[in-house]
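Chemist: Fold the following and give me the result.
(one chain, ligands or ions: 1)
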Amino acid sequence: MNDRQSKPANEARNSMRILALYLYLMAALPPTVLAQESMSVFDIHFAVITKNPAAHERATVEQLRKEVDILNRFFVDEDRRPVVKFRFKSAALYDELKDSSCDFVRLGDTRKNYDSDAWADMFNACDDPRVRDPAAINFFIYDSHSREKGFGDATCHGKRNSNRPYLLIDWERLDHTDQGPEEHEMGHAFGLDHVFVDGAGINDSTNIMASRHKNGSGGRRNIGFNKDQVRIILEYAGKIQKKLRNTK
Ligand SMILES: [Zn+2]
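Modeler: Take a look at the predicted model:
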């Protein structure tokens, strides 16, 4: 074989091989790995606002860190790929914030009915960083109350609040209990409404945002966000990030 002629040919072949290997690796990597660098990351501040000792036993800092892992695992699309990511920032336990002058803390054990707008006003009026971190998504652990169930009630709420989102999770629902409370409420926090699954039984697979309203229980809420929901989440993710950055 003639050396002079084969050398450029070899080089060309080698670069083709490298290109093929590169393309192969890109195709083999899951899309999440490729998208990770551009994926939005949201800080979470936790605040325990109920005086219930059973809640304090459950809502340890270790558990609150685990809540972030739960969100990172279950706030996903239909192919189980994360839509945005979450990061533990800080936590204030009840003893650390019980002396706060923010009325919002008193909602942790209120017997009054939930009032979405009135509670948001109290949240927005709170200037105590132990209770409300203006640069993070705030995740409250509280004790829900209803006339029928008393404090045995375990209703949770998530609110986008003009792109300053917060969650109210009943302490009994921590650690990803039935119907995925963390990702469902975080869905509301990112602007999603309920979807109605007519006649869904409690063991049926349903979308994360399925509601128990109308006919049906809401089901397991174990199917990730659909394309339309992902589009809405990503649209608000940009707005939320901008707002959290600018409201120090
Ligand atoms: Zn809901």
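Chemist: Out of the helices and strands in this structure, which is least certain?
Modeler: helix 31-35 (a mean of 50; mean pLDDT, DSSP states H and E).
Chemist: That helix: what's the following helix or strand?
Modeler: Proceeding C-terminally, helix 31-35 gives way to strand 41-48 as the next helix or strand, assigned by DSSP states H and E.
Chemist: buried stuff in that next one?
Modeler: When neighbours are counted by 16 or more other CB atoms under 10 Å, the buried residues of strand 41-48 are found to be 42, 43, 44, 45, 46, 47, 48. Placement of C-beta: from N, CA and C, glycine included.
Chemist: if we take those residues, which one ends up nearest to residue 225?
Modeler: Compare each of those with residue 225 using CB to CB and the shortest gap goes to residue 42, at 15.5 Å.
Chemist: With residue 226 as the reference, measure out to the nearest residue to residue 133 once chain neighbours are set aside.
Modeler: The shortest distance from residue 133 to any residue that is not its chain neighbour, by CB to CB, 6 or more residues apart in numbering, is 3.6 Å, and that residue is residue 45. If you measure residue 45 against residue 226 using CB to CB, to the nearest Å, the figure is 29 Å.
Chemist: now residue 77
Modeler: Distance from residue 77 to residue 226, by CB to CB: 8 Å.
Chemist: the more surrounded of these two?
Modeler: Neighbour count, other CB atoms under 10 Å: between residue 77 and residue 226, residue 77 has more, with 18 against 14.
Chemist: Show the pLDDT at the more buried one.
Modeler: On the pLDDT scale, residue 77 is placed at 98.
Chemist: That one and residue 223 touch, don't they?
Modeler: No - judged on CB atoms under 8 Å, residue 77 makes no contact with residue 223 at a distance of 9.7 Å.
Chemist: circling back to that earlier point, which of the buried residues of strand 41-48 lies closest to residue 114?
Modeler: Using CB to CB, residue 47 is the member of those that lies nearest residue 114, at 17.5 Å.
Chemist: who's in contact with the closest residue to that closest one other than its chain neighbours?
Modeler: The spatial neighbour of residue 47 that comes closest, neighbours along the chain excluded (CB to CB, 6+ apart), is residue 92 at 4.8 Å. Under the criterion of CB atoms under 8 Å, 6 or more residues apart in numbering, the contact list for residue 92 reads 45, 46, 47, 48, 130, 131.
Chemist: Now do the buried residues in stretch 46-62.
Modeler: By 16+ other CB under 10 Å, the buried positions in stretch 46-62 come out as 46, 47, 48, 49, 50, 52, 55, 56, 58, 59.
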